[in-house]
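Q: the sequence and its predicted three-dimensional model are supplied below.
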There are 2 protein chains.
Amino acid sequence: MAERAADVVNDVLAALADPTRRHLLDLLSASGQASATTLADGLPVSRQAVAKHLAVLDAAGLVESVKVGREVRYAVRPEALETTARWMAALAADWDRRLARIKRFAEAAEQDRHHPKE
Amino acid sequence: MAERAADVVNDVLAALADPTRRHLLDLLSASGQASATTLADGLPVSRQAVAKHLAVLDAAGLVESVKVGREVRYAVRPEALETTARWMAALAADWDRRLARIKRFAEAAEQDRHHPKE
DNA sequence: TGAATGTGCAACCCCAAGGTTGCGCGACGC
DNA sequence: GCGTCGCGCAACCTTGGGGTTGCACATTCA
């Protein structure tokens, strides 16, 4: 149902806020594909904890899952991350724009202080 | 003491995970400069809650504060956000690279299934 | 068929994070 | 000098998120 970009960004930011989830994404992007049980081996937490994290990452669109027999393989999915990266870059650019405007304005005011009504 | 980039990213992501803080940043970038009390007027939370959020944003390097008489003005600071945006874009690019590699590998294997030892 | 493996679901625990109220103090304006 | 305005600090409450254990259900393989 084509989630709005703002929602994607919201979910992605919430998902990336947790260090364990970022670590999971690292492991996934390195191995290409892995199950919850496998991933739990490389982390100091239980399989269920990993499964919960994967559910969050899935809801955020950062990973996708494929059932293979009795196991579930997860893989990284770049789109949501790219969307968020662009959102963030645009935001930073906007801030820069606004700050530049304010700086010019302040300089103009400074000029006026020295040469009013010129 | 020049915080490491990884730490900056960590703090920024944690800070941006909260919707109220993102809203605060919006208000700040729009007004250019504002105090905790002023900002609290535009939000459904108390001044102290806003002050706590501003402290988090400050620790993440997303805002800076200037004392003006008895009040404290906050303003947006783009560097940390830009650093994080770049980190995220690089991560997305890395995922794309890896996925492309895997895809090529899978296609090569598919070829071998049809024309082994060619 | 039966043991072993990989999951999912549910109940539960714990603590940090977001929020509030109350108060004391420095800075302004009259 | 005195009210008031803006802040900071501290104590406190409550919720949700991260974590765990236990168990039931599929799938694989001997």
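A: The structure has been received and is ready for your questions.
Q: residues in chain A within reach of chain B, list them.
A: Contact residues, chain A versus chain B (CB under 8 Å from any CB of the partner chain): A:10, A:13-14, A:16-17, A:19, A:29-30, A:32, A:76, A:78, A:81-82, A:84-85, A:88-89, A:91-92, A:94-96, A:98-99, A:102. Backbone N, C-alpha and C define where each C-beta goes, glycine included.
Q: just checking, what packs against the longest helix anywhere in chain A?
A: Counting by DSSP state H, the longest helix found in chain A is helix A:78-114. Helices and strands touching helix A:78-114, as assessed by 3 or more CB pairs under 8 Å, 6 or more residues apart in numbering or on different chains; DSSP states H and E, comprise helix A:5-16, helix B:19-31, strand B:71-76, helix B:78-114.
Q: to residue A:50, which of those lies closest?
A: When the helices and strands packed on helix A:78-114 are compared by CB to CB, helix A:5-16 sits nearest residue A:50, at 14.0 Å.
Q: before we move on, the earlier item: buried ones in the longest helix of chain A, by neighbour count?
A: For helix A:78-114, a neighbour-count test (16 or more other CB atoms under 10 Å in any protein chain shown) marks A:78, A:80-89, A:91-92, A:94-95, A:98-99 as buried.
Q: residues near the closest residue to residue A:46 other than its chain neighbours, how many?
A: Once flanking residues are discounted, residue A:46 sits nearest to residue A:40: 6.4 Å by CB to CB, 6 or more residues apart in numbering or on different chains. A count of nearby residues for residue A:40, using other CB atoms under 10 Å in any protein chain shown, gives 19.
Q: before we move on, what about residue A:77?
A: Count around residue A:77 with other CB under 10 Å applied: 18.
Q: quick check: it vs DNA strand C, distance?
A: Per CB to the nearest atom of the strand, to the nearest Å, residue A:77 is found 17 Å from DNA strand C.
Q: phi, psi of the closest residue to that residue other than its chain neighbours?
A: Among residues not flanking residue A:77 along the chain, residue A:64 sits closest, at 5.0 Å (CB to CB, 6+ apart). When read as degrees, to the nearest 10, the backbone of residue A:64 gives phi -130, psi 160.
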